[in-house]
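> I'll drop the sequence and a predicted model, then ask my questions.
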Amino acid sequence: MTINKNTVNYLIGINIVIFLLLALTANTELADIFALYFFENPKFAIWQPFTHLFLHGGVAHLLFNMYALFAFGTVLENKWGKQKFLTFYFISGLGAAFIYSVMNYIQFNSIYDELVLLGVGVEEIQRMLTSGRVSNNVLAQISEERLSEFYSVYHSSAVGASGAIYGILIAYAITYPDAKLALIFLPAPIKARYFVPILIGADLFFGATRYSIGNIAHFAHIGGAVFGLIMMLWWRWQDKQKAASDWRV
């Protein structure tokens, strides 16, 4: 019997081992060290844009990501090889972390500037973030919903390989646009060229509105997809340049 030694299998194994380790030990401190925090939060560390890819928020989150990694990642790795696949996977994941952090920065600072314009001092803003207590004077000038967003961006963390997975979905749809995807929640199989844009469009809608279902980092998904698309276009351009060069020779 031969054992499939695809890098995808190792990635899945690492994710499962880390999930079980954290679940069995209930080590929240370790999870905080490796989850991705807002970069102005004291819990943020430079390695988190990478390490958050190996943490997951629950069994369903883990299973969905690992299934997608196996189903689509295996095909791409077999086509590209290990080195190219890993490069693509981690750049997509880091791109997801980057876009997610940029959107958080924009959201956080829009509310921060609003508070400053209302006359709230910097020290009071910092006390609000650290203690969660808000004075009646501030509540009279800004909605609780806005303050909740402000507090959430500062304290929330992101985990999961979803950003890298979205990059893989983009690559799969570009490489195999006519492949039909038959998923549980779809009434009939749908071609990858249609399914993936619809999925990303849904993330863009939920990320830009207040209709998100659950605690999902939609802009991390979009970031992974964007960086995946950029890499696919770049590689395609390189292939065309190489082909033109070979033809001239």
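That came through fine. Keep in mind that what you see is a predicted model, and the values were worked out from it rather than measured.
> List the residue ranges of this protein that fall below the pLDDT cut-off.
Along the chain, the parts satisfying pLDDT under 70 run over 1-5, 183-187, 210-214, 245-249.
> Please repeat the previous calculation with a cut-off of 90.
Residue ranges of the chain with pLDDT under 90: 1-6, 23-31, 57, 117-150, 178-219, 237-249.
> After the longest helix seen in it, which helix or strand is next?
Looking across the chain with DSSP state H, the single longest helix is helix 82-117. Later in the chain than helix 82-117, the nearest helix or strand by DSSP states H and E is helix 122-131.
> Mind listing what's buried along that following helix?
By neighbour count on 16 or more other Cβ atoms under 10 Å, the buried set for helix 122-131 is Ile125, Met128, Leu129. Using the backbone N, CA and C atoms, a C-beta is placed for each residue, glycine as well.
> Tell me the helices and strands packed up against that helix.
helix 82-117, helix 144-155 (3 or more Cβ pairs under 8 Å, 6 or more residues apart in numbering; DSSP states H and E).
> This structure: helices as residue ranges?
Under DSSP H, the chain gives helices at 7-25, 28-34, 48-51, 59-68, 74-80, 82-117, 122-131, 136-139, 144-155, 162-175, 192-208, 218-248.
> got these as CSV, with distance to Asn41 columns?
Formatted as CSV, these follow (distance: least, Cβ to Cβ, whole Å):
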stretch, distance to Asn41
helix 7-25, 20
helix 28-34, 10
helix 48-51, 10
helix 59-68, 22
helix 74-80, 35
helix 82-117, 10
helix 122-131, 9
helix 136-139, 20
helix 144-155, 6
helix 162-175, 19
helix 192-208, 21
helix 218-248, 17
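> Looking at the ones you listed, spot the one closest to Ala182.
helix 192-208 (10.2 Å; Cβ to Cβ).
> And the closest one, how far out from the chain middle?
14 Å (Cα atoms, centre = their mean, to the nearest Å).
> So what touches it?
With Cβ atoms under 8 Å, 6 or more residues apart in numbering as the test, helix 192-208 has contacts from 103, 166, 169-170, 172-173, 176-181, 186, 211-213, 216, 218-219, 221-222, 225.
> which of those residues are buried?
Using 16+ other Cβ under 10 Å, the buried ones in these are 103, 166, 169-170, 172-173, 176, 181, 216, 218-219, 221-222, 225.
> could these be laid out in TSV, adding distance to Leu86?
Output for the buried ones among the contacts of helix 192-208, formatted as TSV (distance: Cβ to Cβ, whole Å):
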residue	distance to Leu86
Met103	26
Tyr166	17
Leu169	17
Ile170	17
Tyr172	16
Ala173	20
Tyr176	20
Leu181	24
Ile216	26
His218	25
Phe219	24
His221	20
Ile222	22
Ala225	18
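> Ala243: which of the residues you listed is nearest?
For the buried ones among the contacts of helix 192-208, the nearest to Ala243 is Tyr176 (20.9 Å; Cβ to Cβ).
> can you pull the contacts of that closest one?
For Tyr176, the contacting residues are Val75, Ala192, by Cβ under 8 Å, 6+ apart.
> One more: Trp47?
Phe34.
> can you offset everything so residue one is 21?
OK, 21 is where the count begins now, so the last one is Trp67.
> quick one: it from Phe247, how far?
From Trp67 across to Phe247, the span is 19 Å (Cβ to Cβ, to the nearest Å).
> Ok, Ala240 next?
For Ala240, the distance to Phe247 - Cβ to Cβ - is 11 Å.
> Could you check which of those two has the larger neighbour count?
Ala240 (30 against 25; other Cβ atoms under 10 Å).
> Could you verify my assumption that that one touches Gly183?
Yes: counting by Cβ atoms under 8 Å, Gly183 is a contact partner of Ala240 at 4.5 Å.
> which neighbours do the two share?
Joint contacts of Ala240 and Gly183 (Cβ under 8 Å, 6+ apart) are Ala116, Ala117, Tyr120.
> Save the residues you listed as CSV, and put in neighbour count too.
Below are those laid out as CSV (neighbours: other Cβ atoms under 10 Å):
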residue, neighbour count
Ala116, 34
Ala117, 24
Tyr120, 25
